[in-house]
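> Next come a sequence and a model predicted from it.
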Amino acid sequence: IERDPLVPGEPYTEVMPVSEYEFKMAPIPGGTVEIPDPDNPGSTKTVDVSPFWICETETTWQMFDPFVDLEERAFMLDLPIDPDGITGPTPPYVPPDQGWGKEDFAALTMSFHSAEMYCRWLSKETGRKYRLPTEAEWIYACTAGGKSVIKPEDLDRYAWFAANSESQTHPVKSKEPNAWGLYDMLGNAAEFCIGSDGTPVLRGGWYALGADEVSASARVPQSTENLNKWLEKDPQIPKSKWWLAGPTYHSFRVVCEGDSEIKTAASE
């Protein structure tokens, strides 16, 4: 695939080769941001953030389902298994969308492992380097570089939370975007990020939480207790990394570092 180079500071639209589904990526300028300091609980530290692009929405089912269908499609077409390829998730036992809706709804019940594998698959499909955001990148994008913090009294304009969600998620872009054009950074579904110590962190709160728990500072780390909850519906003993987790509020959005030398699936 021949790709036009990304222009720093300019948005772009990604087209998924496998489905021709399009999603928009917003440019985020570099800067600094305060993040939790894992070495000093209760305190923060200042870190530098390099320019990057971030998806303007959470990963929707239209973006995620081609990845879920990956193994089934290969089986039906009797395709050879590539040992260097990226495997997809096994079929879930119950509808992962909880019956709330697919298409433009945020893809739910993600495990961190599933989100990371999706990013690897998307990178291979498109030739661009996609990954999960670091916690610093997520906070920086959510607060528009620290210059725009949404107040609880204004939350209804920007987020789905306990007071307006009717205890479920809603289609992305149903609320107003933040100052940098990003939708649902707060509420709707919590988003996986990579903490400064490399461990998974959920950010932004979700549809069932009150206004005081849905904010740029809302943070759920992967503790042993939380991980057990996240995998409580895993039928395997002992628990595995599993593709789809138990809770109904896990999701993620992708970031892109810019042009890279990734070998695409279509070019192989």
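Arrived safely. Residues are numbered from 1 along each chain as shown.

> Quick one: mean pLDDT for stretch 252-264?
Confidence for stretch 252-264, expressed as mean pLDDT, is 72.

> before we move on, what about stretch 191-198?
For stretch 191-198, the per-residue pLDDT averages 92.

> now what about it, what contacts it?
Identification of contacts with stretch 191-198 by Cβ atoms under 8 Å, 6 or more residues apart in numbering yields 35-38, 47, 58, 110, 112, 115, 132-138, 185, 200-204, 221, 250-253. In short, each C-beta sits where N, CA and C put it, glycine included.

> Restricted to helices, list those.
Phe112, Ala115, Glu135, Ala136, Glu137, Trp138 (DSSP state H).

> mind giving me a markdown table with these and columns for neighbour count and distance to Phe192?
Supplementary listing: the ones in helices among the contacts of stretch 191-198 in a markdown table, determined by neighbours: other Cβ atoms under 10 Å; distance: Cβ to Cβ, whole Å:
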| residue | neighbour count | distance to Phe192 |
| --- | --- | --- |
| Phe112 | 22 | 5 |
| Ala115 | 24 | 5 |
| Glu135 | 24 | 10 |
| Ala136 | 23 | 14 |
| Glu137 | 22 | 12 |
| Trp138 | 26 | 9 |
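
> and Thr199, how many neighbours does it have?
Counted with other Cβ atoms under 10 Å, the neighbours of Thr199 add up to 15.

> what separates it from Val220, distance-wise?
To Val220, Thr199 is 11 Å away according to Cβ to Cβ, to the nearest Å.

> With Met25 instead?
Distance, Met25 to Val220, using Cβ to Cβ: 26 Å.

> cool, and Met63?
23 Å.

> again with Leu155
18 Å.

> Val68 now?
24 Å.

> average pLDDT across stretch 61-69?
For stretch 61-69, mean pLDDT is 86.

> Over to stretch 148-164?
Computed over stretch 148-164, the mean pLDDT rounds to 96.

> measure it end to end?
Criterion Cα to Cα, to the nearest Å; first-to-last residue distance in stretch 148-164 is 22 Å.

> what about that stretch, distance to the chain center?
Relative to its chain's centre, stretch 148-164 lies at 20 Å (Cα atoms, centre = their mean, to the nearest Å).

> Residues in contact with that stretch: which ones?
143, 169-170, 174-180, 184-188, 205-216.

> do that again at 7 Å, thanks
Stretch 148-164 is contacted from outside by 143, 169-170, 175-176, 178-179, 184, 186-188, 205, 207-212, 214, 216, using Cβ atoms under 7 Å, 6 or more residues apart in numbering.

> Ok, stretch 5-15 next?
By Cβ under 7 Å, 6+ apart, stretch 5-15 touches Glu22, Phe23, Lys24, Met25, Ala26, Pro27, Pro29, Pro51, Thr126, Gly258, Asp259.

> Dump the residues you listed into a markdown table; add distance to Ala159 as well.
What follows is these, written out as a markdown table (distance: Cβ to Cβ, whole Å):
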| residue | distance to Ala159 |
| --- | --- |
| Glu22 | 25 |
| Phe23 | 20 |
| Lys24 | 20 |
| Met25 | 21 |
| Ala26 | 18 |
| Pro27 | 23 |
| Pro29 | 24 |
| Pro51 | 26 |
| Thr126 | 29 |
| Gly258 | 29 |
| Asp259 | 33 |
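
> Is there a quick ChimeraX command that grabs whichever of those residues are buried?
Buried residues among these (16 or more other Cβ atoms under 10 Å), as a ChimeraX selection:
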select :23,25,26,27,126
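
> Out of the contacts of stretch 5-15, which sit inside helices?
Short answer: those in helices (DSSP H) are Thr126.

> so which of the contacts of stretch 5-15 comes closest to Gly42?
When those are ranked by distance to Gly42 (Cβ to Cβ), Pro29 comes first, at 29.5 Å.

> Could you measure from the closest one over to Phe52?
Going from Pro29 to Phe52 by Cβ to Cβ gives 9 Å.

> Gly187 too?
Relative to Phe52, and taking Cβ to Cβ, Gly187 is found at 23 Å.

> Looking at the two, which one has more neighbours?
Gly187 (32 against 21).

> in the stretch 101-250 of the chain, which spans are strands?
Here the stretch 101-250 of the chain has its strands, by DSSP state E, counting those that start in this stretch, at 128-131, 190-194, 200-203, 219-221, 250-251.
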